[in-house]
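**Student:** please work out how this folds:
(chains A and B)
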Amino acid sequence: MCAKKVAVINALDRVLDGLGEELIEASDEEIMAAARELGMDPTMRGSAAFLGLKYPLLRHPSDFFEGFDLQGLLPAPAPRLDGPATEPPLEGSRRRKKN
Amino acid sequence: MRTLPPLADHRVLGPTQTALALALVSEMELLRLKTLARWYARGLPPDMAWDDLLQEALTRVLTGARQRPEDVPMVAFLAGVMRSLRAEHWRRFNKGGFHRGWHRDSTVHLDQSQNESETSELADPTPGPERTVIAKQELARIRRLFEGDTVALAIIAGLSDGRSAEQIRAAKAISKTDYDSARRRMRRILLREGLTCAPRR
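**Tutor:** Next up is the predicted model:
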């Protein structure tokens, strides 16, 4: 009985592992195509494709510090889809000039 | 005299370097992680959703509880962490059930006193009835995803029996072209399933 139970569980684990590899190997183009089929545009910030992901909410240092470049700190950084952050800083965050 | 090549260098990255690498993860890699987390969360007890699984994996990596070897890509590494968290979560669940296991409102339960690298890969020796029922249901759900695609279903049957790609092709007389086409179709379905916001089928 226990062997049967273990067999079912192992079968699921093997299927998950095997098909998980397919997801790891999926190309960016395949991900984009799948997103577009669902009517999502991952190139847009706030796209529904990112729903549920908490991690992208963490900001990059380059979002706060002009000229801060993490790319130089690692040997082979992954390319960002939308390029480096180019949003202007918020109005309130600018320092007032002294007269 | 021939000199022996040096042993493989398994240098691991520290938490700071890993945090930097995570900060540089591209949007496509984030989506790949989302699809992987949704996939690996299949067959887990209901108290652990895919976002908990991913968040827990990120936490383990950022705190240095899991160290990334230098030559392993970030997504593949996090996928491995999520896979081992599955086994770990079931062990905790079997010990404490729904009430003493992890909960959505307290996802991070780090126990650094344990030697995780040794314990996390161990198979659960006594799976409870819940786990068996959930595994059966999940396998049926996965098969339903590929309903009507005989080659894809043959691949799933082969994978569940622990067969390699060559063995599956030989057993079912599938040509390499048909096999690769089926894999592409399967990837498309898996990606759609992973990116969707709808509940799992």
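
**Student:** does the residue nearest the centre of chain B sit in a helix or strand, and which one?
**Tutor:** Nearest residue to the geometric centre of chain B (C-alpha atoms, centre = their mean): residue B:83, 3.7 Å. Taking DSSP states H and E as the definition, one finds residue B:83 inside helix B:74-100.

**Student:** helices or strands up against that helix?
**Tutor:** Contact analysis of helix B:74-100 by 3 or more C-beta pairs under 8 Å, 6 or more residues apart in numbering or on different chains; DSSP states H and E lists helix A:2-25, helix B:27-40, helix B:50-62, helix B:116-119, helix B:129-145 as its packing neighbours. (C-beta placed from N, C-alpha, C; glycine too.)

**Student:** what is the mean pLDDT for the shortest one?
**Tutor:** Averaging the model's pLDDT scores along helix B:116-119 yields 43.

**Student:** cool, the second one as well?
**Tutor:** The predicted model gives helix B:27-40 an average pLDDT of 93.

**Student:** got the angle between the helix holding residue B:83 and helix A:2-25?
**Tutor:** Using axes from the mean of the first three to the mean of the last three C-alpha atoms, to 10 degrees, one finds that helix B:74-100 and helix A:2-25 are set 140 degrees apart in direction.

**Student:** buried ones in helix B:74-100?
**Tutor:** Going by neighbour count (16 or more other C-beta atoms under 10 Å in any protein chain shown), the buried part of helix B:74-100 is B:74-75, B:77-94.

**Student:** hang on, residue A:41 packs against residue B:31?
**Tutor:** No. Contact between residue A:41 and residue B:31 fails when scored by C-beta atoms under 8 Å: they sit 11.8 Å apart.

**Student:** can you pull the contacts of the residue lying closest to the residue nearest to the centre of chain B once chain neighbours are set aside?
**Tutor:** By the measure of C-beta to C-beta, 6 or more residues apart in numbering or on different chains, the closest residue to residue B:83 outside its immediate chain neighbours is residue B:40, 6.1 Å from it. The contact partners of residue B:40, taken as C-beta atoms under 8 Å, 6 or more residues apart in numbering or on different chains, are A:16, A:20, B:50, B:53, B:79, B:82-83, B:86.

**Student:** now swap in residue A:12 and tell me
**Tutor:** In this structure, residue A:12 makes contact with B:42-43, B:135, B:138-139, B:160, judged by C-beta under 8 Å, 6+ apart.

**Student:** any chance of these in JSON lines, plus neighbour count and distance to chain A?
**Tutor:** Supplementary listing: those in JSON lines, determined by neighbours: other C-beta atoms under 10 Å in any protein chain shown; distance: C-beta to the nearest C-beta, whole Å:
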{"residue": "B:42", "neighbour count": "22", "distance to chain A": "6"}
{"residue": "B:43", "neighbour count": "21", "distance to chain A": "5"}
{"residue": "B:135", "neighbour count": "24", "distance to chain A": "4"}
{"residue": "B:138", "neighbour count": "20", "distance to chain A": "6"}
{"residue": "B:139", "neighbour count": "20", "distance to chain A": "5"}
{"residue": "B:160", "neighbour count": "21", "distance to chain A": "4"}
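
**Student:** secondary structure of residue B:178: a strand, I assume?
**Tutor:** No. With DSSP: H, G, I helix; E, B strand; the rest coil as the criterion, residue B:178 is located in helix rather than a strand.

**Student:** what are the ranges of the strands in chain A?
**Tutor:** Taking DSSP state E to define them, one finds no strands in chain A.

**Student:** what does the host helix or strand of residue B:158 rub up against?
**Tutor:** Of the helices and strands defined by DSSP H and E, residue B:158 is found in helix B:150-160. With contact meaning C-beta under 8 Å, 6+ apart, helix B:150-160 is reached by A:11-12, A:14-15, A:18-19, B:139, B:142-143, B:146-147, B:167-168, B:171-172, B:174, B:178-179, B:181-183, B:185-186.

**Student:** just the buried residues out of those, in PyMOL syntax.
**Tutor:** Those of the contacts of helix B:150-160 that meet the burial criterion (16+ other C-beta under 10 Å) are gathered into one PyMOL selection, given here:
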select buried, (chain A and resi 11+12+14+15+18+19) or (chain B and resi 139+142+146+168+172+174+179+182+183+186)
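
**Student:** all helices for chain A, in order.
**Tutor:** Using DSSP state H, the helices of chain A run over A:2-25, A:28-37, A:61-64.

**Student:** quick one: is the second one near chain B?
**Tutor:** Translated: helix A:28-37. Yes. In this structure, helix A:28-37 sits against chain B according to C-beta under 8 Å from any C-beta of the partner chain; the contacting residues are A:28, A:30-35, A:37.

**Student:** show me which of those are buried.
**Tutor:** Among the residues of helix A:28-37 next to chain B, those classed as buried by neighbour count (16+ other C-beta under 10 Å) are A:28, A:30-32, A:34-35.
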